[in-house]
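Novice: coords please:
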Amino acid sequence: MNSTLALARAEVRRLGRNKRYSFFSVGLPVVLYLVIAPSARHYHVYGVAYPAYYMIAMASIGAFSGALTGNAQRISQERKDGWIRQLRLTALPANAYVIAKIIASMVITVPSTVLVLLLGRFYGGVHLELWKWFAIGGTIWIGALAFTALAVAIGYRFMPDTVQPIAMFVYFVMSILGGLWFALSGFLAKIGDVLPTYQVTRIGTDLISNQSVPATAYITILAWFAGFVVLAVIAVRATAETV
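Specialist: This next block holds a predicted model:
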């Protein structure tokens, strides 16, 4: 276990030095919130002020982008370069690489989420009880964990030149139809209702507006999470003899 954690720490340090990763998972959500949230301060969506909704959306954008697009590309490239094969020749446990990737991803998504939530509190004027801040952050974190599992599945299954468009396509479909770039209504809201991205946002806004969160919201997120884990397990096992 110590060796797996050491591998995870090395991955966290590497991700911290990755400028592209930092821009899309931290810089972009922060800039968008700073620019857009004040201009829409008087609007309300999902029963809350726009800065509160946009806080959850931008925190999710950063966390999900870092968990999916960056991870999938790196896993695929490292598989192609033979890095995973080399690790298997060491004394590391067979599943150390995947576990280290998941741990590193979950660590690196925390700063981006916390930073946007802090902006919501001190810049967007969002005032909540302490437990609600933790509940919203935890919901986003669990959503990011689901996309980390999907990144493992895509990274193990496809080659680097194919991974990037696939990951970006999934990310944009999930984020746009999940209401992260703009609030959904009408027919689009019905589509979004079956997506984990939409449910993460609605759980957060329901908590802020003191509405009861329907059980289907949690069930939807957990169902997608379970599905992504299954895909990851299948992909890893299918390529076990070729990496």
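Novice: center of this protein - which residue?
Specialist: The centre of the chain sits closest to Phe64, judged by CA atoms, centre = their mean, with a distance of 2.2 Å.
Novice: surely Gly124 meets Val48?
Specialist: No: Gly124 is not in contact with Val48 according to CB atoms under 8 Å; the separation is 10.9 Å. Any C-beta I mention is one placed from the backbone N, CA and C, and that applies to glycine too.
Novice: higher neighbour count, those two?
Specialist: Gly124 (24 against 21; other CB atoms under 10 Å).
Novice: in the lowest-mean-pLDDT helix or strand in the chain, what's buried?
Specialist: In the chain, no helix or strand scores lower on mean pLDDT, DSSP states H and E than helix 19-22, which sits at a mean of 70. Using 16 or more other CB atoms under 10 Å as the test for burial, helix 19-22 gives Tyr21, Ser22.
Novice: ok, now stretch 102-122?
Specialist: Using 16+ other CB under 10 Å as the test for burial, stretch 102-122 gives 102-106, 108-109, 111-113, 115-117, 119-120.
Novice: and for stretch 72-84?
Specialist: Buried, per 16+ other CB under 10 Å, within stretch 72-84: Ala72, Gln73, Arg74, Ile75, Ser76, Gln77, Glu78, Arg79, Ile84.
Novice: what about the residue lying closest to Thr69 once chain neighbours are set aside, which helix or strand?
Specialist: In space, and not counting its chain neighbours, Thr69 is closest to Ala167: 4.6 Å by CB to CB, 6 or more residues apart in numbering. Per DSSP states H and E, Ala167 falls inside helix 160-177.
Novice: packing partners of that helix?
Specialist: helix 50-65, helix 71-81, helix 130-157, helix 186-192, helix 196-208 (3 or more CB pairs under 8 Å, 6 or more residues apart in numbering; DSSP states H and E).
Novice: can you list the buried residues of stretch 72-84 in CSV and add pLDDT?
Specialist: Formatted as CSV, these follow (pLDDT from 0 to 100):
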residue, pLDDT
Ala72, 87
Gln73, 84
Arg74, 85
Ile75, 87
Ser76, 87
Gln77, 86
Glu78, 81
Arg79, 85
Ile84, 74
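Novice: what would the residues you listed look like in TSV with distance to Val152?
Specialist: Shown next, in TSV, are the buried residues of stretch 72-84 (distance: CB to CB, whole Å):
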residue	distance to Val152
Ala72	8
Gln73	12
Arg74	11
Ile75	6
Ser76	10
Gln77	14
Glu78	12
Arg79	11
Ile84	11
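Novice: which one among those residues gets closest to Ile140?
Specialist: Nearest to Ile140 among the buried residues of stretch 72-84, counting by CB to CB, is Ala72 at 19.2 Å.
Novice: for the closest one, give me its contacts.
Specialist: Applying CB atoms under 8 Å, 6 or more residues apart in numbering, we find Ala72 in contact with Leu150, Ala151, Val152, Ile154, Gly155, Val163, Gln164, Ile166, Ala167.
Novice: about what we covered before: tally of neighbours for the closest residue to the residue nearest to the centre of the chain other than its chain neighbours?
Specialist: Distances taken as CB to CB, 6+ apart put Phe147 closest to Phe64, at 5.1 Å, once the chain neighbours are dropped. For Phe147, the neighbour count with other CB under 10 Å is 30.
Novice: thanks a lot, see you next time.
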